[in-house]
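>>> sequence and predicted structure, then a few things I'm wondering about:
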Amino acid sequence: MIDVERALLGAILLEPAGQRHLLDLVTCNDFYRPWHGQVLAAMRRLAAHGVLPGPIEVHAELKNDPDLPQSVSHDAVLLADLMDAAPRPSHAPAYAGLVISGAIRRQVALAGGRICQAAQEPGDDLLDDSDLDNARHQVTLARGELDACRARWEALPEPVRRQLQAPRGHTDAGRRAPRPSGQETRPACHAADAAGLAVLRDLTADSSRIADVAGWLRSGHFARRQHGELYALLLDLQAAGMPADPVITCAEARRRGIRVEPRDLADGTGALAAAHGRQVWRRAALARAARAGQEIQAAAANPGLPTAKLMADAGERLLRLGPEPAGPDHPISHGDARVLALPSRRADPGQLQARRDHGREAAG
């Protein structure tokens with residue numbers, strides 16, 4: 001990508017009259033190398049005053065740049081090297097398209113990384129709705145950034161946009177296969193496993209509590225696959241009108257090939273089933289956001305994925321995170337862990353702080 005940046009700047013220096021229009025398409029932030037951005041900024045300042053950004057004019061403008069050391073701003077050889085890096089000045093629109101494509105990929109990857117960082121599970125602490133706020137906020141920011149990338153893409157002239165599309169015969173080789181539906185594995189987390197087991201113990205202690213969580217908690221929210229399978233078993237027992245104490249549950253589990261002993265499901269209280277279920281749901285929401293961020297980063301790092309397709313796929317992943325009512329505060333028939341389901345504390349910090357205090361008291 002550095003070579004493409006050099007070629008673009010060199011092409012403009014060689015043909016400032018013919019390639020001047022590209023200065024309105026490429027921004028300083030599109031360049032990976034900061035000095036290249038400063039050269040473009042000098043070119044744009046000249047163009048704003050009606051001066052063609054030729055090598056002599058750009059060199060003089062760079063000498064007045066207070067952010068550049070004299071060893072760089074006064075070195076005309078650096079500009080000569082840029083001109084040598086442009087094989088065909090007439091190919092400048094293609095160079096511009098590649099530079100913009102690289103900038104979009106970096107922006108998408110950065111947005112995915114911020115989501116991953118914000119969605120890190122906070123260890124063994126109890127979670128409440130405000131603990132999801134940072135992840136929700138980063139998802140919202142990512143959607144805004146992606147919308148801006150799309151708008152920029154649609155505004156590009158066809159000769160430049162063509163460089164962001166796949167060549168004919170492209171098969172998206174190397175693209176990551178979609179994750180299969182159903183129960184998904186997550187990295188081991190003691191707190192997530194403990195919350196899942198607590199729910200199962202509470203539900204087998206008092207099977208009437210299944211109705212309290214069945215509308216929004218699903219097996220895919222459990223971090224451990226076995227816990228999700230046991231929860232699905234409890235839902236089946238409830239639907240069949242059968243009791244679900246530890247002995248009956250374990251007997252049915254063994255029939256289905258799930259290894260569990262009655263002592264594993266003992267000591268539940270029943271009354272805290274919904275509170276423990278909310279812990280499972282919230283941790284699933286964070287895991288879901290982190291997984292989306294990781295997939296967005298991986299797609300952005302895949303050079304075989306066209307830029308337009310990258311933006312479309314990233315948009316779909318973010319769309320699946322919300323906003324749509326779901327979870328324990330918004331029961332639906334097939335509850336899903338969507339991180340935008342609840343308001344951000346940036347809108348009403350006092351209300352969410354009160355909710356935080358109430359949630360911790362309810363969870364004991």
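Thanks, I have the structure now.
>>> how about the nearest residue to Glu229, chain neighbours excluded?
Ile258 (5.4 Å; C-beta to C-beta, 6 or more residues apart in numbering). Placement of C-beta: from N, CA and C, glycine included.
>>> Arg317: what's it in contact with?
Residues near Arg317 by C-beta atoms under 8 Å, 6 or more residues apart in numbering: Ala292, Glu295, Ile296.
>>> quick one: the helices in the stretch 151-300 of the chain?
Using DSSP state H, counting those that start in this stretch, the helices of the stretch 151-300 of the chain run over residues 158-161, 190-205, 210-213, 225-239, 246-255, 273-300.
>>> how about TSV for those helices, with distance to Leu98 added?
Listed next are the helices of the stretch 151-300 of the chain as TSV, based on distance: least, C-beta to C-beta, whole Å:
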stretch	distance to Leu98
helix 158-161	9
helix 190-205	43
helix 210-213	52
helix 225-239	44
helix 246-255	56
helix 273-300	15
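>>> out of these, which is closest to Gln117?
Smallest distance to Gln117 across the helices of the stretch 151-300 of the chain (C-beta to C-beta): 8.0 Å, for helix 273-300.
>>> of all the contacts of Arg317, which comes closest to Met242?
Nearest to Met242 among these, with distances taken as C-beta to C-beta, is Ala292, at 37.6 Å.
>>> quick check: the residue nearest to Glu229 touching His227?
No. With contact defined as C-beta atoms under 8 Å, Ile258 does not reach His227; the gap is 9.9 Å.
>>> ok, Pro55 touching Met83?
Yes. Taking contacts as C-beta under 8 Å, Pro55 lies within contact range of Met83: 6.7 Å.
>>> between the two, what contacts are shared?
Joint contacts of Pro55 and Met83 (C-beta under 8 Å, 6+ apart) are Leu13.
>>> Gly241 versus the residue nearest to Glu229, what's the distance?
21 Å (C-beta to C-beta, to the nearest Å).
>>> which one's more surrounded, these two?
More crowded of Ile258 and Gly241, by other C-beta atoms under 10 Å: Ile258, with 17 against 6.
>>> pLDDT score for the more buried one?
Listed pLDDT for Ile258 reads 92.
>>> what of Arg356?
On pLDDT, Arg356 comes in at 46.
>>> identify the contacts common to Ile258 and His227.
In contact with both Ile258 and His227: no residue, using C-beta under 8 Å, 6+ apart.
>>> find the nearest non-adjacent residue to Ile12, please.
Gln19 (4.6 Å).
>>> you'd agree the one you found is up against Ala94?
No. With contacts counted by C-beta under 8 Å, Gln19 stays clear of Ala94, the gap being 11.4 Å.
>>> how much space between the closest residue to Gly54 other than its chain neighbours and Asp81?
Computed as C-beta to C-beta, 6+ apart, the closest residue to Gly54 that is not its neighbour in sequence is Pro16, at 4.8 Å. Distance, Pro16 to Asp81, using C-beta to C-beta: 17 Å.
>>> between the two, who's got more neighbours?
Neighbour comparison, Pro16 and Asp81: the larger count goes to Pro16, with 21 against 13 (by other C-beta under 10 Å).
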